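[1] would you be able to build a 3D model of this:
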Amino acid sequence: MDARKGNIYEILNGNKQFLIPVYQRYYSWKVEQCQRLWNDIVNMQKTSKAGHFVGSIVNIAEQAMPTGVQKYMIIDGQQRMTTLTLLLIALRDYGINHPEDTSINARRIDNVLLKNEYESADERYKMLLTETDKDILIA
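    Numbering: from 1, shown residues only. Now for the predicted structure:
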């Protein structure tokens, strides 16, 4: 096992996709857990802190592909990854609806962190949840 420090940009950047195995539980964070993460992010910004440890994200790469999307199975950290993805979707949507706020590049968030820009069908999405939650996240 190889553990290393990283950030969400490094994790999501590149032509890759994170899959939630069928044996993982459905997305189950409630307002309380989301609020705690949001408060940590706001506090990090207010104090000009460079980063915040949100917990480990354990993944296993599937067989390497010579071309196309490299797939990773999320073994631990699904709730955090899903919530961070939802926050990125909200930030992207805010950027789209507030083009005067030039501090947010909605297109970059969408094409680098949420989607594999040049892929199609399911491979277009950086993260695919289990069947029960998949359509909700994509919508």
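[2] what residue of the protein is the furthest out?
    The centre of the chain is farthest from one residue, residue 100, which by Cα atoms, centre = their mean lies 25.2 Å away.
[3] how far away is it from residue 53?
    To residue 53, residue 100 is 34 Å away according to Cβ to Cβ, to the nearest Å. Yep, even glycine has a C-beta here, placed from its N, CA and C like the rest.
[4] burial measure for residue 91, as a count.
    Number of residues near residue 91 (other Cβ atoms under 10 Å) recorded here: 16.
[5] output the one helix or strand it maps to as PDB, nothing but the C-alphas.
    Using DSSP states H and E, residue 91 falls within helix 78-97. Extracted in PDB, the C-alpha atoms of helix 78-97 (Å, rounded to 0.1, in the frame of the first residue of the first chain):
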ATOM      1  CA  GLN A  78     -16.800   7.400  -0.600                       C
ATOM      2  CA  GLN A  79     -18.800   9.700   1.600                       C
ATOM      3  CA  ARG A  80     -16.100  12.400   1.600                       C
ATOM      4  CA  MET A  81     -15.500  12.100  -2.100                       C
ATOM      5  CA  THR A  82     -19.200  12.300  -2.900                       C
ATOM      6  CA  THR A  83     -19.700  15.300  -0.700                       C
ATOM      7  CA  LEU A  84     -16.700  17.100  -2.200                       C
ATOM      8  CA  THR A  85     -18.000  16.300  -5.600                       C
ATOM      9  CA  LEU A  86     -21.400  17.800  -4.600                       C
ATOM     10  CA  LEU A  87     -19.600  20.900  -3.300                       C
ATOM     11  CA  LEU A  88     -17.800  21.200  -6.600                       C
ATOM     12  CA  ILE A  89     -21.100  20.900  -8.500                       C
ATOM     13  CA  ALA A  90     -22.500  23.700  -6.400                       C
ATOM     14  CA  LEU A  91     -19.500  25.900  -6.900                       C
ATOM     15  CA  ARG A  92     -19.600  25.200 -10.700                       C
ATOM     16  CA  ASP A  93     -23.300  26.100 -10.800                       C
ATOM     17  CA  TYR A  94     -22.700  29.300  -8.700                       C
ATOM     18  CA  GLY A  95     -20.000  30.200 -11.300                       C
ATOM     19  CA  ILE A  96     -22.400  29.600 -14.200                       C
ATOM     20  CA  ASN A  97     -25.100  31.700 -12.500                       C
END
